[in-house]
Every structure is written in structure tokens, then in C-alpha cells.
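**Student:** Mind looking at a prediction? Sequence and model below.
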Amino acid sequence: MERIIFVFVAFFFLKCKLKIPITLAAILLLTASVSAGDVTLLEPLATNFSAHNKVIELSIPIEMDEKPFAIIWNRADGRQIIVWLTALEGIHVYDMRNYDGWGGHIIGAATNLKGVRGSVREATLLDEIDIFLAPERIIMSTINLLQGHTLFRLSWDNILLFIFCLLLLSFYLATKKLVVSAVFGFSIVWGIFDTRNIYDHLMIINKIERRKLVMPPMTESKIFADRASKIIGDKSWAQETLDGGLNNFIKYRLAEHPYACSSLQEPPAFIITQQPKDREIVLEYGSYYLVKGGQS
């Protein structure tokens, strides 16, 4: 849409002078070569296939909705590529075709979503519509990384620019008034652009209402942090590394409580962990534990 605004402003400036089964070898190849952060490959999707016009279909349970996840694939030329996406509840397709490296022959593709059913298949007309209608929500994993909507692999911004130019030409041929044609064309395109954004907002609001204001994937960690906050009080606490990239969320939620830095000799009164081992558990919720530290 920014391109259309630029063209519109520039116009007035000038006008006014202004396929084989999954094999053990492919799985081992993928697993052995991945070394990016916390990515652990658990679910292979396909091996030895051509990526031409192929998309990935995944069935995401509600508890994984909006969870960041990785798609990893190995190309025949030896390159390995990792792309981070955001999970959408239900059965949806994820368009890989505009990502660098998704082309030619691919040895194997997999995801780090444990227990999620998925496949690599040819894109259909319904897939193109599903990709276009999927709302892009700004969450922790997508800040500054929104890709923008696409339709048949074309950028939505470019499609709107094409529609604007087509309307401008049509109105001008009908009225012979360039300025009026530009205003009408821009108004219609802006309405189309706004309608698409309204749809996104409606889908997001509907999801929030259905879940009674509870939004995965932070639901479990938020409830745990709320309960832990009441227990910790004015005592010190620390946390071990947590799965799911929610270390900073827990720290933010408990920022009002004294945090025990590792540089201090005095141990914390409480420790947040996902592996309690033989320590005394004070609070347990989901996969999170609040255990007693070395300070009483």
C-alpha cells in the first residue's frame, strides 16, 4: 500500500509541479546438520521431492496456536535452510515458495513441532485462498518480521498497485479527467486495502473472544507467573533456561520482584525451572515449577 501512496503523491507533485518414502538416511542428514539455536527436529515431512509449486500443510492443535516453529530443509546442492514461522490453529498451508532456497530438488524437509501431522504437496486454488486469508498477527516472534499477504505468490501491495493503475487508466479513458480519475482509483484501492485489514482484525478479535481473552502460546507461562508472583512476594528469585523462548516473558512478568543475579553470592529464595529434579516444589503448573532455592 505504501507504493500506491507514493505513486499517488508523486502524481500530484508532478501535476502541480510538486517422492520416495522417508528414509533413515534423510532423517539423519537433517538431524545431524541442524545447529541453529533450540531447533530440535522431531517430525520429518517429506524426502526427495521437487519444491516447484509445493506448499506445506500442517494440522496445528489449539495449544500450539501462534507458537513460533521452524521448517528446515536440505537442498541437493548441500545447503540447509531454516525458516521460522508462526503456527495457526487448525489445518492450514504454509507458503514456502517465496523463500530463498525453496526450489529445485530437496533431499528432506522437517519441522520441530512434536506430534504435528504434516505433508508437502502441490498448491491448489483453495490453498492460495487460505494463504491469502491467513491473518498476520504481530506477536513476539513476528515483530519487524511480517512478510505481508500474498495471492498466487504475488505481493498484495503489488496487486493493489496494479489495480490502482488499471482503475486510473479506465477512469481517465471514460472521463478524460486525470486528477479525478486518480482520486477515484486511489479511493477504491484504499477501500480494498482497508477491507482486508478489517478482516484480519475481525479474525483476531473472534479468536480472543472464543478463548475468553486467553492467547496461546503464553497461556501456561502467564498463569504460572501470576501464581508464582504471589508466592515470591519480596523474596529473591532466579530462573533456569526455559523451553519455548519464554525466558524474557517470565522475567518481564516478575520484574517487580528482586531477581538474584548469578554474580551475587547469596542464593535466591526461589528458582523457576522446568526440571525440578529432587528439589522441593512450591508451585507446579503445566511444565513450569517453582522450587525452593538456597535462601530461606
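**Tutor:** Perfect, thanks for sending it.
**Student:** from here on, contacts and neighbour counts on C-alpha atoms
**Tutor:** OK.
**Student:** Give me the residue at the spatial middle of this protein.
**Tutor:** Computing the C-alpha centroid of the chain and ranking residues by C-alpha atoms, centre = their mean puts T86 first, at 2.4 Å.
**Student:** ok, the residue nearest to it when sequence neighbours are not counted to L85 distance?
**Tutor:** Excluding the flanking residues, the one nearest T86 by C-alpha to C-alpha, 6 or more residues apart in numbering is P68, at 4.5 Å. Computed as C-alpha to C-alpha, to the nearest Å, the P68 to L85 distance reads 6 Å.
**Student:** ok, back up a step: from memory the residue nearest to the centre of the chain sits against K67, does it?
**Tutor:** Yes - assessed by C-alpha atoms under 8 Å, T86 is found in contact with K67 at 5.6 Å.
**Student:** Which residue of P68 and L85 possesses the greater neighbour count?
**Tutor:** With neighbours defined as other C-alpha atoms under 10 Å, P68 and L85 compare such that P68 has more, 20 against 16.
**Student:** Show the pLDDT at the more buried one.
**Tutor:** On the pLDDT scale, P68 is placed at 80.
**Student:** Contact partners for it?
**Tutor:** Counting by C-alpha atoms under 8 Å, 6 or more residues apart in numbering, P68 touches W84, L85, T86, A87, S141.
**Student:** May I have the phi/psi pair for the closest residue to the fourth one other than its chain neighbours?
**Tutor:** Once flanking residues are discounted, A87 sits nearest to E66: 4.7 Å by C-alpha to C-alpha, 6+ apart. In this entry, E66 is assigned phi and psi values of phi 70, psi 20 (degrees, to the nearest 10).
**Student:** Check the gap between E66 and N248 for me.
**Tutor:** Separation of E66 from N248 (C-alpha to C-alpha): 17 Å.
**Student:** Give me the more crowded residue out of those two.
**Tutor:** E66 (22 against 10).
**Student:** what separates the more buried one from I223, distance-wise?
**Tutor:** Counting by C-alpha to C-alpha, the gap from E66 to I223 is 17 Å.
**Student:** got it, and L133?
**Tutor:** Here the criterion is C-alpha to C-alpha. By it, L133 lies 31 Å from I223.
**Student:** so who does I91 touch?
**Tutor:** Listed by C-alpha under 8 Å, 6+ apart, the contact partners of I91 are E57, L58, S59, I60.
**Student:** That one: which element?
**Tutor:** Element membership of I91 [criterion: DSSP states H and E] is strand 90-94.
**Student:** Which helix or strand lies directly C-terminal to that strand?
**Tutor:** Using DSSP H and E, the helix or strand that follows strand 90-94 in sequence is strand 105-111.
**Student:** what's the burial count for S221?
**Tutor:** Neighbour tally, S221, other C-alpha under 10 Å: 19.
**Student:** my bad, V291
**Tutor:** 23.
**Student:** Make sure it is actually in contact with E280.
**Tutor:** Yes - the criterion here is C-alpha under 8 Å, and V291 meets it with E280 at 5.4 Å.
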